[in-house]
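Participant: give me the fold of what follows.
(2 chains)
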Amino acid sequence: MSGQGIGQIIFYAVALVALGYPLGIFMARAYTREKLDPVERGFLRLLGRHSGDEQDWKSYAKTVLVFSVGFTAVLYAIQRLQGHLFLNPDRMKGVAPHIAVNTAASFVTNTNWQFYGGEYTMSYLTQMAGLAVQNFVSAAVGMAVLVAVVRGIARRSSGHIGNFWRDLYRSLVYILLPLAIIVSVLLISQGVPQTFHGHATATTLQGAQQTIARGPAASQIAIKQLGTNGGGFYNSNSAVPFENPNGLANFIEMLSILLIPAAQVFMFGRLVFARRHAWMVFAAMFAVFAIGVAVNLPAEQHGSPVLRNSGVNITQGHGQSGGNMSDKEVRFGQASSTIWTVATSDASNGSVNSGFDAQTSAGSAVPLVNLFLGEVIFGGVGSGLYGMFFYILIAVFVAGLMVGRTPEWLGKKIEAREMKIAALGALFVPTMVLTLTAISIVTHSGLASIYNSGVHGFTETLYAYDSQSNNNGSAFAGFGATSFSAEVGTIALILGRFVPLVAALALGGSLAQKKIVPASAGTFRTDGPTFVVLLVGVIALTAGLMIFPALTLGPIVEGLMH
Amino acid sequence: MARASGSVFSRELVLAAIRDSFPKLNPRTQARNPVMFIVELGSVITTGIFILDLARGHTGSLWFVATIAVWLWLTVLFANFAEAIAEGRGKAQASALRATRTTTNATLRDGRSVPAAELQRGDVVIVEAGEVIPADGEIIEGVGSVDESAITGESAPVIRESGGDRSAVTGGTKLLSDRLVIEVTQEPGKSFLDRMIALVEGAERRKTPNEIALNILLAGLTITFVAAVVTLRPFAIYAGTATSQTVLIALLVALIPTTIGALLSAIGIAGMDRLVQRNVLAMSGRAVEASGDVDVLLLDKTGTITLGNRQAAEFLPVDGVEERELAEVAQLASLADETPEGRSIVVLAKERFGVRERELGEHEFVPFSATTRMSGVNMNGTLIRKGAGDAVKRFIVEQGGSAPNDLDRLIQGVAEQGGTPLVVARDNWALGVVHLKDIVKGGMNERFDELRRMGIRTVMITGDNRVTAAVIAQEAGVDDFLAEATPETKMALIKDEQAKGRMVAMTGDGTNDAPALAQADVGVAMNTGTSAAKEAGNMVDLDSNPTKLIEIVEVGKQLLITRGALTTFSIANDVAKYFAILPAMFAFTYATHPGERGPLQRLNVMHLGDPKSAIISAIVFNALIIPALVPLALKGVKYRAIGATALLRRNLGIYGLGGVILPFVGIKLIDLIVHNLLGA
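Facilitator: Model prediction:
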């Protein structure tokens, strides 16, 4: 690994903490502010008389589900009808039904899996009123649910965990919108287009005519990064110069991926009065992130045996990052591609600045495994941390036993009900990934999606369901849309989002009712380095043991073949 | 209690446990344990495959299928064996208890004789010396010495008398002397002995809350591993590799947490059993588990923290009196005083000044009485008295004298140090004060330190005033004390601690302790106590030793630690099993030339002989680890009061890291035998 690469990673980590920490404090304040602002009051009045009341977890979950179903329907309708609607300068036709359903589910679940190329499928109206709005709303839903769960952990002997509408409003208006505006302006300043004009036509140096897709890109790119959405304005996402023009833009976009999820860890620490514990959770997340970088970067720098034996010069040199540069931007080089790859797969973002399909087998195993961990390493906005709670519960349960006390977490006793929720929350999605991949890999309709034969085709399929089930949205490429894959994918998207989401709310509801047990010398402390090791170990063992057989028949065997 | 032989594996117990392992194969029994149920299901399927192969004449892998089937059955049997041996020790104890259950007749007060088993609550029976007490009851008349060895294992007889806190007798114990009139307090068939038998037999065993929570986690993991293994077949088909059902079942059994699944119920039973060996009867497994969580320990001062009685510590003469003179007079006043306090004065006088017991001239002892609150001796016309300050002062005034000026200062001084002042007077003059002191039992400080390290706060309960209580609390090293305690303040303290989320444990023996015992999360009643106390508590200490609470807490913690350690070990084992089975399953997958070993052969880091021996070795290891860990499950992982984080690090190191490494070694060794020696 080059000195420049290490430098970039350290700089990234420092920037993440330096911006994430104050943001976390701000978020904690924003959510706990008792007073309603006038717009908020109007918004609640519009929804009904008791719409701002405290809710128990079931009522909260019901509101989230109804809200999400409503938006899925709207999004589907816009896509189907875009041909007849305004803001369509390039005259895009209505989107095919199976793609429209998959896309609607994909954006409502904060996944942004795209079975289509944005710039030649979606009208500006769909991009803005449909997809960009969902980028905000789906992210805000995740953030709201997280804060409700955290509230449940903090409260004692209470039946309520907050109010969805108020949490949603504050996530949107106090956090996402201001941040998105800041990042958009920064990106526009670096040359990302933001216009309502249609495609531009240019004459190239060779004299050929080229159509250049443009549009309101910067605003969507900002939120796709911040809200761990990932769905690009352009099909090739942040590898396209218009989406990601230079090093600074790249760094801003890369930082935006993990910014809110990292800040939420600090917010959690404030809200439950356990700041040191929050630091340890952050440390565990960062450790897994660093492991990902430490595997991916050398693997890519070293290249595959085929590449090394092909006679291509892959040595690092002045102005050349060397290594496996296939499907990578020379503008960004190895280190930036690696950080982005690891961050986007850790964080349920799914935006990319390089292609994963052409990575070495060891390198590509990193995003594959990261997704499979359940997007809890920073993870999706909100969903990452509440997903991490399931692993924390399993970790403190085993640790509690090993120190001879009925397990507890932040003073709340972990009993049968919490274990049920944790087991469901942590294990449901991995089980679904394997099941859907298995169905897809032996059926004709499933196999039709695979472009590459052999081992690589398996990895592509596994990745597709891994990505959709875990609401990441990044694609391995080489996996095509058929009505079968779109429909199975839609199931993965919806269950992958809402099963853990409801489980997390149930957890918050269950913990809210409990008394707080004061800590003693016999209590296992969750604010020390031992906890970090334990948590990383539990994540590695539970998720790792499940993915290992599939990994064996995917990247591992591919890597050992030569 | 009739203690079963100390060794975990006595010959008879093992043989009995092996016998008992087979009936437990009943699927309905297995279904209570999801992990082992899956293993049994796997055994049935592989056996079916074997029979089908045999019938169809597919002899190719017949021996392999047979071997796997046999070892899967053995895995289930080993698990059954673990449970059976844990239960077996209880059964042995139960049958010893049953033998003492009385079958004789009981004599009612009106002279009628009825079978003991038909006695009703409220019947009054008469028991003569040499007879077995027919039922649990309260003595309403008489005093007698009772041999309780049938229940407690303690051969020295104990005194039982009507009135007070030692009036309870237990059916099945034997009256050695005197005659007792007893009112029966039990319903037929619900005696203490019956409950004990049911408890040690495990007949009433229900899964405890923590066991249920752990079972949920294990079931969740099992379901996920089922998914991982079932989906492996389609994955393998895509990779052009046929996987046999036998191999997939073997992989599944190797992956699911069979080690902890097999030992889980044995750990629970053994936990109860360890308490029984310490002569404590827990009324439920829940109580044992709760004892590991105790945050606050309420300990009675007298008898628990201090020796039962105060002892003379020093002689404090008033001005103008020699210490020796005071000692001599105090000794005279105590010669006839047989109370421990009186004896201790005689002892101290002898130690300090060599004052010996001597022949008195003409004398008359004055015993202590509640009205005079003094005792002493009248000798050759001299009146010697010792007693409480105000009582002795009144005596002096009656004799025409007055109290020395500095007497009150001395009395005050002793009281401030937490002692009891005993004033000694001769005729009309007070000579000084004897300082009676509570003596803290040896080693208590260390025990409380240990408890603190375990995270448990100790609170001393005493009827003494605050000053006295504070001094003793400091000396003993308890964290807090409740002075001038009444049953009400004790109850209020428990409720207060519980409201703060703490778990409270206490011991008690009197009827007035009963409400507090019932309120406490862990209430240990002394066997010497009243039946009300025994009903209220959730444990009974047959030795009636209040410091036993500390051991009870340790057993509770051990129980949880053992579960946690074996769960970690079980999951950590899977890493090695993958490296044994996956390269074996996919030995030929994606091979460059058909029939050659493929690239995944490089995952065979253990260099196991061949695919079949690798799979067999993993399954054999998986099965053998169960009986190998039975002693650990029964004895429990040792608890060390070294602080939670240090303890966790230690256990993670041993059972986590060790759990990853050990099977690599174990599977390799087994493969050496299977592959090389047997030529598999």
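Participant: which residue does the stretch 201-350 of chain B bring closest to chain A?
Facilitator: At 3.1 Å from chain A, B:G220 is the closest residue in the stretch 201-350 of chain B, using Cβ to the nearest Cβ. For the C-beta atoms, the positions are set from N, CA and C on the backbone; glycine is no exception.
Participant: quick check: phi and psi at the closest residue to that residue other than its chain neighbours.
Facilitator: Excluding its sequence neighbours, the residue lying closest to B:G220 (Cβ to Cβ, 6 or more residues apart in numbering or on different chains) is A:A423, at 3.1 Å. A:A423 adopts backbone torsions of phi -60, psi -40, taken as degrees, to the nearest 10.
Participant: now do A:A423, the pLDDT please.
Facilitator: With respect to pLDDT, A:A423 has a value of 94.
Participant: give me the neighbour count for it.
Facilitator: 25 (other Cβ atoms under 10 Å in any protein chain shown).
Participant: what's the answer for the one 3 residues further on, then?
Facilitator: Other residues near A:A426 number 30, with proximity taken as other Cβ under 10 Å.
Participant: what's the neighbour count on the nearest residue to it once chain neighbours are set aside?
Facilitator: Of all residues not flanking A:A426 in the chain, A:F390 sits nearest, at 3.9 Å (Cβ to Cβ, 6+ apart). When neighbours are defined as other Cβ under 10 Å, A:F390 has 25 of them.
Participant: which SSE is A:F390 in?
Facilitator: helix A:383-402 (DSSP states H and E).
Participant: CA atoms of that helix as CSV?
Facilitator: Only the C-alpha atoms of helix A:383-402 are listed here, as CSV (Å, rounded to 0.1, in the frame of the first residue of the first chain):
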residue,chain,number,x,y,z
SER,A,383,-30.9,1.4,9.4
GLY,A,384,-27.2,0.8,9.9
LEU,A,385,-27.1,1.6,13.6
TYR,A,386,-30.4,-0.1,14.4
GLY,A,387,-29.2,-3.1,12.5
MET,A,388,-26.0,-3.0,14.6
PHE,A,389,-28.1,-3.1,17.7
PHE,A,390,-29.1,-6.7,16.9
TYR,A,391,-25.4,-7.7,16.8
ILE,A,392,-24.8,-5.7,20.0
LEU,A,393,-27.6,-7.6,21.7
ILE,A,394,-26.1,-11.0,20.6
ALA,A,395,-22.7,-9.8,21.7
VAL,A,396,-23.8,-8.6,25.2
PHE,A,397,-25.9,-11.7,25.6
VAL,A,398,-23.0,-14.0,25.2
ALA,A,399,-20.7,-11.7,27.1
GLY,A,400,-23.2,-11.3,29.9
LEU,A,401,-23.4,-15.1,30.3
MET,A,402,-19.6,-15.4,30.3
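Participant: list of residues touching the helix or strand that it is followed by?
Facilitator: Sequence order places strand A:408-409 as the next helix or strand after helix A:383-402, per DSSP H and E. In this structure, residues lying in contact with strand A:408-409 by Cβ atoms under 8 Å, 6 or more residues apart in numbering or on different chains are A:I153, A:I392, A:L393, A:V396, A:G400, A:I414, A:V517, A:T523, A:T526.
Participant: parallel or antiparallel, list what pairs with strand A:408-409.
Facilitator: Note on strand A:408-409: by DSSP bridges, its sheet partners are strand A:412-413 (antiparallel).
Participant: can I assume A:H98 is in contact with A:E487?
Facilitator: Yes: if you go by Cβ atoms under 8 Å, A:H98 and A:E487 touch, sitting 6.1 Å apart.
Participant: ok, the two, which is more surrounded?
Facilitator: A:H98 (18 against 14).
Participant: these two touch, right, the residue nearest to A:A426 and A:A503?
Facilitator: Yes: the pair A:F390 / A:A503 is scored as a contact, 7.3 Å apart, by Cβ under 8 Å.
Participant: do the helix or strand harbouring B:V630 and chain A meet?
Facilitator: Per DSSP H and E, B:V630 falls inside helix B:611-635. No: using Cβ under 8 Å from any Cβ of the partner chain, helix B:611-635 stays clear of chain A, coming no nearer than 13.9 Å.
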